[in-house]
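Peer 1: need a structure here:
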Amino acid sequence: MMAKPRTIFLCSSCGFESPRWLGRCPQCETWNSFGERAFTVAPARGVHAALNEGPIPLHDIDDRHAERICTGLSEFDAMLGGGIVPGSVTLLGGAPGAGKSTLALQVAARLAQQGNVVYLCGEESAAQVKVRARRLDIDAPILIAAETNLRSVLDQLERSRPLALIVDSIQTVWMPEAESYAGSVTQIRDCTQALMEFAKRGGCATLIVGHVTKDGAIAGPRLLEHLVDTVLYFEGEHSGEHRILRAYKNRFGSIDEICVFEMGEHGLSEVANPSELFVTRAMRRASGSCVVASILGSRPVLVEVQALVGETSLGTPRRLANNVDQQRLAMIVAVLERRAGLHLGTHDIYVSVAGGLRVTEPAADLGIALAITSSFRNRPVPSDSAAFGELGLSGELRRVNGAARRAAEAQKLGYHRLWSPQRLHDIDDAIAHVFA
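Peer 2: All right, here's what the predicted structure looks like:
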């Protein structure tokens, strides 16, 4: 009598495994997402050779081949922490049309000047990649692999040991030992695991392009972001000519670093000074606007916070935030009502950050509060001033890190009056000085 084959139930949204069917996934809380799959154990392949040698003392490890690889894109290299680390796996995500494939091909062209670079195109044919390269004025010795069978490609690359491997995209490649279709949770997980083992074993820098869901999250299991070393994401509005690339995870550098690109006829070009992009200079600034000296990662960047306050026509006033934390906005409004005497209970409040850049640090509290006050009183903030500082629940202004760098960036761009906790004590003091 043959034994019944063992099966498991797999969540199609996050990859959670269960021995029985569940109506709701306990991990991602998605309803009716479980499907039955045959339980198979894939043979172990590509295990790191160092694992067979046993543990190695830290001082005996050779790190001479771990020097970073510079792409020549200075802003991109700085966001990664000084360049690409050999053997690292980087995930590049973003909405359709953001420029993922364009950036991947440009990075491949620059790395091809230093060694062999393989561009695995699962979405396009080799001829289509060449047409796109011609449009971007790219004439570099890139090796193109128009293949979706990832195991076949990795077996071929075991002998050549390229400098870098670019996979465009992870949702289009598949492993023959995984009994599922390309783009499924199982295939994405197994393909990423195989790429990670290949990168660590041979020191090949790997860049993976990933699609996103309708909610903006990278498609596939959450394990995908945990496996890779770095997660880069195009954020903001993609209808314009500027693209914002942010590092959400980086094992070899700081997070929340940004790199701003401008999309042109010949691809993406770096914007050296993002502060001039996110701030609109005017002789007389309109009410409801305030320049905030923010720090993203390790870089000071000036952003323009805009607010609109108007009487509500509904029973409950609206509080809408764009590129600003919604809960933070509610707290700032409550402090302004209680500590500064602004009667905002019957007014709708809309707050946004110009340029599509998202600001979440508490240092933007003072700028948001001044923008709301400016719109409520219909009095503009002086055009040559900038602000930063954390707002406490009792109305006090708290010091934030990087005050000297914020002030230097503001003065470099012509903002000579700086409203900060070093100069002001509480929100009443700030409103009295700014709108004197």
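
Peer 1: which intervals of the stretch 101-250 of the chain have sub-threshold pLDDT?
Peer 2: Applying pLDDT under 70 to the predicted model, the residue ranges of the stretch 101-250 of the chain that meet it are 214-216, 219-221, 236-240.

Peer 1: Show me what the longest helix along the chain packs onto, helices and strands only.
Peer 2: Taking DSSP state H as the assignment, the helix of the chain that covers the most residues is helix 185-202. Using 3 or more CB pairs under 8 Å, 6 or more residues apart in numbering; DSSP states H and E as the contact definition, the elements that helix 185-202 packs against are strand 7-11, strand 89-93, helix 150-160, strand 164-168, strand 205-210, helix 223-227. Every residue, glycine included, has its C-beta placed from N, CA and C.

Peer 1: start to end distance for stretch 414-433?
Peer 2: From its first residue to its last, stretch 414-433 covers 20 Å (CA to CA, to the nearest Å).

Peer 1: next one: stretch 170-181
Peer 2: Distances were taken as CA to CA; on that basis the terminal residues of stretch 170-181 are 12 Å apart.

Peer 1: mind listing what's buried in the longest strand along the chain?
Peer 2: Scanning the chain for the strand with the most residues, using DSSP state E, yields strand 299-311. Residues of strand 299-311 classed as buried under the neighbour-count rule (16 or more other CB atoms under 10 Å) are Arg299, Pro300, Val301, Leu302, Val303, Glu304, Val305, Gln306, Ala307, Leu308, Val309.

Peer 1: With adjacent residues omitted, what lies nearest to the fourth one?
Peer 2: If the residues on either side of it in the chain are set aside, Leu302 comes closest to Ser275, at 4.0 Å by CB to CB, 6 or more residues apart in numbering.

Peer 1: That neighbour: how many residues sit nearby?
Peer 2: Neighbouring residues of Ser275 were enumerated by other CB atoms under 10 Å; the total is 21.

Peer 1: my guess is it contacts Val301, does it?
Peer 2: Yes: because the distance of 5.3 Å satisfies CB atoms under 8 Å, Ser275 is recorded as touching Val301.

Peer 1: shared neighbours, those two?
Peer 2: Common neighbours of Ser275 and Val301, counting by CB atoms under 8 Å, 6 or more residues apart in numbering, are Glu409.

Peer 1: Could you pull out the helices in the chain for me?
Peer 2: Listed in chain order, the helices of the chain (DSSP H) span 74-80, 100-111, 126-135, 150-160, 185-202, 223-227, 274-278, 326-339, 365-377, 403-412, 427-434.

Peer 1: care to break the protein down by domain?
Peer 2: Structural domains assigned to the chain are 8-37, 68-272, 277-434, following automatic domain parsing.

Peer 1: Among those, which comes closest to Asp60?
Peer 2: domain 68-272 (17.9 Å; CB to CB).

Peer 1: gap between the two ends of that closest one?
Peer 2: The stretch domain 68-272 measures 22 Å between its terminal residues, going by CA to CA.

Peer 1: same question, stretch 291-305
Peer 2: Using CA to CA, the end-to-end distance of stretch 291-305 comes out at 6 Å.

Peer 1: same thing with stretch 372-384?
Peer 2: Its first and final residues considered, stretch 372-384 spans 18 Å by CA to CA.

Peer 1: What residues sit buried inside that stretch?
Peer 2: Buried residues in stretch 372-384, counted by 16+ other CB under 10 Å: Ile372, Thr373, Ser374, Ser375, Phe376, Pro380, Val381, Pro382, Ser383.

Peer 1: Stretch 260-269 too?
Peer 2: Taking 16+ other CB under 10 Å as the neighbour-count basis, stretch 260-269 is seen to contain the buried residues Val260, Phe261, Met263, Gly267, Leu268.

Peer 1: Could you double-check that the first one sits in contact with Leu73?
Peer 2: I take that to be Val260. No: with contact defined as CB under 8 Å, Val260 does not count as touching Leu73 (11.8 Å).

Peer 1: and for those two, which residues touch both?
Peer 2: Common contact partners of Val260 and Leu73 (CB under 8 Å, 6+ apart): Glu270.

Peer 1: So which of the domains of the chain is nearest Ile56?
Peer 2: Proximity to Ile56, assessed across the domains of the chain by CB to CB, is greatest for domain 68-272 (14.3 Å).

Peer 1: ok now that closest one, how far from the chain's centre?
Peer 2: Relative to the mean C-alpha coordinate of its chain, domain 68-272 is positioned 14 Å out (CA atoms, centre = their mean, to the nearest Å).

Peer 1: ok, back up a step: make TSV from the helices of the chain and add distance to His211 to it.
Peer 2: As requested, the helices of the chain are exported to TSV (distance: least, CB to CB, whole Å):
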stretch	distance to His211
helix 74-80	21
helix 100-111	9
helix 126-135	18
helix 150-160	16
helix 185-202	10
helix 223-227	11
helix 274-278	27
helix 326-339	27
helix 365-377	34
helix 403-412	36
helix 427-434	44
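
Peer 1: Go through these and pick out the most buried.
Peer 2: When the helices of the chain are scored by mean count of other CB atoms under 10 Å, the highest mean neighbour count falls to helix 365-377 (a mean of 25).
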